[in-house]
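K.L.:
Kindly return the folded structure for what I paste below:
(one chain, ligands or ions: 1)
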Amino acid sequence: MDGVILRHNHPVNLLDLSYEQLAELLAGWGEPSFRARQVWGWLWRRLADDFEAMSDLPGSLRQRLAEVSRGWTAVPGALQLDADEGTEKALLSFPDGEAVEAVLMREGARRTVCVSTQVGCPVGCAFCATGQGECSRSLSAGEIAAQVLHFARRLAAKEERVTHVVVMGMGEPLLNYAATLRAIRNLNHPQGFALGARRFTVSTVGVVPGMRKLAKEGLELNLAVSLHAPKDELRAELVPAVRRWPIRDVLAAADDYASSTGRRVSYEYVMLAGINDAPVQAHALSGLLRGRLAHVNLIPYNRIAGLPFERPPDERVENFRIILVQRGVDATIRRSRGTRIAAGCGQLRARSAG
Ligand code: SF4
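P.N.:
Take a look at the predicted model:
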């Protein structure tokens, strides 16, 4: 990217830059090469949220960075906390006033941040709160990473750190491919945040070209594919934007991903009462997935006001799982976290910060 932006000193979100781009920016200002390591360390390892904190940089450099930098921290707005579960949902806003929700989940020693990649979502899943609104824009790499850094700062105050990142919030990450990958690579960089590639999970509705590209990145990311139906006709009703990628093609791309990365693909299946929860559908799903390096996450639906879907009874969900397991497909039921604060799967919404 952005030789032009860097050369002309246009305002830049420093978190959008790769390490090499940051080094290029600083070298262009005549700074010695070790400065890149220092600034990168402040941004990504020491989690600085203000240039004044960067105490080992000369004042002139801090000032210049402040002059070119635009919105590198996301501004936290409303914070909701589910005290019983330790789940936190934050509304985070960016300089243009757009805002997204991100969620921190605590489970045992795990501290997982669920990030959004777009303001709204162009996929428009019939059962999802996010999908009901407009998608006003995609986030930049820095805006995606800033959500993780926001919670990392909160955790650091308790001497804890983010252990996992799931790219499962608002938006379809593979329709904002470059920014999503840049955010992951930056968070993975060993001299900065240094979160291992296997600690990331990227969730997609099955954007086949993006899945194929991701398989070639040389990163061992976990891939979660949202299937939600064992047949194309029903899937097209629930997830209208994926009509052009039939299940057959999605599974082929997932198989390629599993064989090139060695990572087991997980398949997400939101369970909707009377729609996709019948035993015959469990049999059809097992027929699709048996023999694949796969795991199914069954996600009982989180009710959303105004949408005509219901969560199936627990026994029906368990019965569905048993059919899958008996037919040789690994499956678990995901306990959704944060539903009391509307932070569960499919419940996030974009809101204006203003
Ligand atoms: S479920 Fe995911 S892909 Fe579907 S509309 Fe919601 S955010 Fe978008």
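K.L.:
mind giving me the domain ranges of this structure?
P.N.:
Residue ranges for the domains of the chain, per automatic domain parsing: 3-68, 75-341.
K.L.:
Could you save those as JSON lines and add columns showing mean neighbour count?
P.N.:
No exception for glycine: its C-beta is placed from N, CA and C like everyone else's. JSON lines is the format used below for the domains of the chain (neighbours: other Cβ atoms under 10 Å):
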{"stretch": "domain 3-68", "mean neighbour count": "16"}
{"stretch": "domain 75-341", "mean neighbour count": "19"}
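K.L.:
of all these, which lies closest to the ligand?
P.N.:
domain 75-341 (2.7 Å; Cβ to the nearest ligand atom).
K.L.:
For that closest one, give the mean pLDDT please.
P.N.:
What domain 75-341 shows for mean pLDDT is 93.
K.L.:
hmm, back to that, export the domains of the chain to a markdown table and tack on distance to the ligand?
P.N.:
Output for the domains of the chain, formatted as a markdown table (distance: least, Cβ to the nearest ligand atom, whole Å):
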| stretch | distance to the ligand |
| --- | --- |
| domain 3-68 | 23 |
| domain 75-341 | 3 |
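K.L.:
Please enumerate the strands of the chain.
P.N.:
Secondary structure of the chain (DSSP state E): strands at 75-82, 87-93, 99-107, 110-114, 118-119, 137-138, 164-167, 200-204, 222-226, 265-271, 294-300, 331-333.
K.L.:
show me the residues around the closest residue to residue 321 other than its chain neighbours that make contact.
P.N.:
In this structure, residue 321 finds its nearest non-sequential neighbour in residue 331, 4.9 Å apart by Cβ to Cβ, 6 or more residues apart in numbering. Residue 331 is in contact with 295, 296, 297, 298, 321, 324, 325, counting by Cβ atoms under 8 Å, 6 or more residues apart in numbering.
K.L.:
what does residue 330 give?
P.N.:
So residue 330 contacts 294, 295, 296, 324 (Cβ under 8 Å, 6+ apart).
K.L.:
Who does the third one form a beta bridge with?
P.N.:
Meaning residue 296. residue 267, residue 331 (DSSP bridges).
K.L.:
dump the residue contacts of it.
P.N.:
Residue 296 neighbours (Cβ under 8 Å, 6+ apart): 266, 267, 269, 285, 289, 324, 329, 330, 331, 332.
K.L.:
One more pass at 10 Å, please.
P.N.:
227, 266-269, 282, 285-286, 289, 320-321, 324-325, 329-334 (Cβ atoms under 10 Å, 6 or more residues apart in numbering).
K.L.:
Residue 327 versus that one, what's the distance?
P.N.:
Per Cβ to Cβ, to the nearest Å, residue 296 is found 11 Å from residue 327.
K.L.:
Please enumerate the shared neighbours of the two.
P.N.:
Jointly contacting residue 296 and residue 327 under the rule Cβ under 10 Å, 6+ apart are 282, 285, 286, 289.
K.L.:
Would you point out the most distant pair within those?
P.N.:
282 and 289 (10.7 Å; Cβ to Cβ).
K.L.:
anything in contact with each of those two?
P.N.:
230, 296, 324, 327, 329, 331.
K.L.:
any idea which of those residues is the one closest to residue 314?
P.N.:
Closest to residue 314 out of these is residue 331 (14.9 Å), distances taken as Cβ to Cβ.
K.L.:
and residue 138, bridged to which residues?
P.N.:
Beta-bridge partners of residue 138, as defined by DSSP bridges: residue 118.
K.L.:
which residues touch it?
P.N.:
Contacts for residue 138 (Cβ under 10 Å, 6+ apart) come out as 117-120, 122, 144, 171-173, 175-180.
K.L.:
of these, closest to residue 40?
P.N.:
For the contacts of residue 138, the nearest to residue 40 is residue 144 (17.4 Å; Cβ to Cβ).
K.L.:
ok, residue 54 touching residue 69?
P.N.:
No. If you go by Cβ atoms under 10 Å, residue 54 and residue 69 don't touch, sitting 11.5 Å apart.
K.L.:
Kindly point out which residues are neighbours of both of the two.
P.N.:
In contact with both residue 54 and residue 69: residue 43, using Cβ under 10 Å, 6+ apart.
K.L.:
quick one: residue 146 and residue 95 touch, right?
P.N.:
No. Judged on Cβ under 10 Å, residue 146 makes no contact with residue 95 at a distance of 11.3 Å.
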